[in-house]
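S.K.: output the structure for:
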Amino acid sequence: PTWQGDFSQLGPGAVQAIFDTQFANISSTRESGVDFSAKYSVVTEIGTIGIATTLERILKNEIQTVDTTNFVTLLNTFGEPPKFKARAEVSWNRSWFSTGISFNYVNSYLNNLYVPSKPISSWTTGDFYVSCVAPANINSLLANMTVSLNVNNIANRRPPHVDIPPELLSLLGSGQPTTF
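M.R.: Coordinates of the predicted model:
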C-alpha cells in the first residue's frame, strides 16, 4: 500500500512515529493579566529624543482538560508564558537619521519537566538599531528609500540553561541527556 506523503517510498514498515497535528480539546482556560505601556518624546535642538516602556504581568494561566478535573497552572513553567516581561527603549532621530537602544527582560521560571521543578534563570538582552531615510524630494530611485541595521541581542547573551530529562529524550529517540 501507498499513501500521500510517502516520500521515502519505503511503505508502512518504515513508519517509526506518527505526528498528530490536530488541535486538542481543552474544556476550559482561565487567563488574566495586566499590560502597561508608556511613550514620551521631546523635540530638542539636537533632534527628537524618545523613551518608551512596555510591561506585561500575567496573573493567571490555567487549563482544565475535562470539566470534572481540577485546573492545572501553566504560568511561569517551561514552554509556557512567563509571569513577567519588560522592554525599555531610548531613541533619537533627526531629519533623515534615527537610532535607538532597547533592553528586554524575561523573569526566571520553572522547569516542571523535573519533580521537584528546577529553576530557569531570567534573561536580559539589549537590541540596537540605526536607520536612514532618503529625502522624498530627490529625483532618484533612492527617494524615500530606507536603509536600516538592527542588531538583536547585541551582547550575544545565551538563553537560560534548561535540562531535558533523559526519559523524555528516549521517547524522542535519543537516550542522551540534552541541554538547551
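S.K.: tell me the spacing between S28 and G79.
M.R.: Separation of S28 from G79 (C-beta to C-beta, to the nearest Å): 20 Å. Where C-beta positions appear, they are placed from N, C-alpha and C, glycine not excepted.
S.K.: and for E89?
M.R.: Distance from E89 to G79, by C-beta to C-beta: 28 Å.
S.K.: compare the two (neighbour count), which wins?
M.R.: E89 (17 against 10; other C-beta atoms under 10 Å).
S.K.: hmm, the more buried one is touching S41, no?
M.R.: No: the pair E89 / S41 is not scored as a contact, 11.1 Å apart, by C-beta atoms under 8 Å.
S.K.: quick check: neighbours shared by these two?
M.R.: Common contact partners of E89 and S41 (C-beta atoms under 8 Å, 6 or more residues apart in numbering): G50, I51.
S.K.: confirm W92 sits in a helix?
M.R.: No: counting by DSSP: H, G, I helix; E, B strand; the rest coil, W92 falls outside a helix, being strand.
S.K.: and it, how many neighbours?
M.R.: 16.
S.K.: contact partners for it?
M.R.: I46, G47, T48, I49, G50, S98, T99, G100.
S.K.: what sits against the second one?
M.R.: Same thing as G47. Counting by C-beta under 8 Å, 6+ apart, G47 makes contact with W92, N93, R94, S95.
S.K.: hey, what's it bridged with?
M.R.: Applying DSSP bridges to G47 yields these beta-bridge partners: T44.
S.K.: buried residues of stretch 127-143, list them for me.
M.R.: D127, Y129, V133 (16 or more other C-beta atoms under 10 Å).
S.K.: measure it end to end?
M.R.: 28 Å (C-alpha to C-alpha, to the nearest Å).
S.K.: and that stretch, average pLDDT?
M.R.: Stretch 127-143 carries an average pLDDT of 86.
S.K.: that concludes my questions; thank you for your assistance.
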